[in-house]
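> The following block contains a protein sequence and its predicted model.
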Amino acid sequence: ENTNMDPNHPQHSNLSRYAKHSQRESIVAYLCYIDLEERKNYLDVNVHHCDELKLVYFSAREGKSHPLEVIVPIPVEDRHTIARLFSYFDVLVHPTTGTSPNSIIVAIIDDDSTNVHYRIKKGIIPPTEKDAIAEDDEDLIE
């Protein structure tokens, strides 16, 4: 059993209710919630459940002036293909717009409560001018 879960935490039972498919899903959801709410101090953290993908996900914002983000917690031991990750765009709904999100934050979570976030965007994003200049400079150095 994971020692990082606090059954007395106010959100514990709520998160367990959303994590319908396994105890592991409940643990990962709880660790992600704690990271967003109490470590990163995200605002408007809400939990959602997607029956089709059988997963819990969150909506939250990094700060008052930041947009609402979609965050999907994934256990570190899970193997995900690119197709699986991009299926999130076809199924998940952005809570504000009611449409597919433009980007999703994947939170890869380990039992020791380590959280690593990766932003996945639809399609290929062209590099900024600054990135293009940096790449040209690296070519010159080599």
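Arrived safely, thanks for sending.
> residue ranges for the helices of this structure, please.
Counting by DSSP state H, the chain has helices at residues 12-18, 23-34, 82-91, 129-141.
> Return the member of those having the minimum mean pLDDT.
For those, mean pLDDT drops lowest on helix 129-141, to a mean of 53.
> what are the bridge partners for the most centrally placed residue in the chain, then?
Nearest residue to the geometric centre of the chain (Cα atoms, centre = their mean): Ile71, 2.7 Å. Legend: beta-bridge partners of Ile71 under DSSP bridges are Phe58, Ile105.
> Let me know whether it touches Tyr57 as I believe.
Yes - between Ile71 and Tyr57 there is a contact at 6.4 Å, judged by Cβ atoms under 8 Å. Using the backbone N, CA and C atoms, a C-beta is placed for each residue, glycine as well.
> one step back: would you enumerate the residues in contact with the residue nearest to the centre of the chain?
Each residue near Ile71 by Cβ atoms under 8 Å, 6 or more residues apart in numbering is listed here: 32, 36, 57-60, 104-107, 117.
> With neighbour count and distance to Thr81 as added columns, please give those residues in TSV.
As requested, the contacts of Ile71 are exported to TSV (neighbours: other Cβ atoms under 10 Å; distance: Cβ to Cβ, whole Å):
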residue	neighbour count	distance to Thr81
Cys32	27	21
Leu36	24	25
Tyr57	26	18
Phe58	25	22
Ser59	20	24
Ala60	22	26
Ile104	22	15
Ile105	19	18
Val106	19	13
Ala107	19	18
His117	16	19
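> residue ranges with poor pLDDT in this protein?
Where the chain drops to pLDDT under 70, the residues are 1-21, 124-142.
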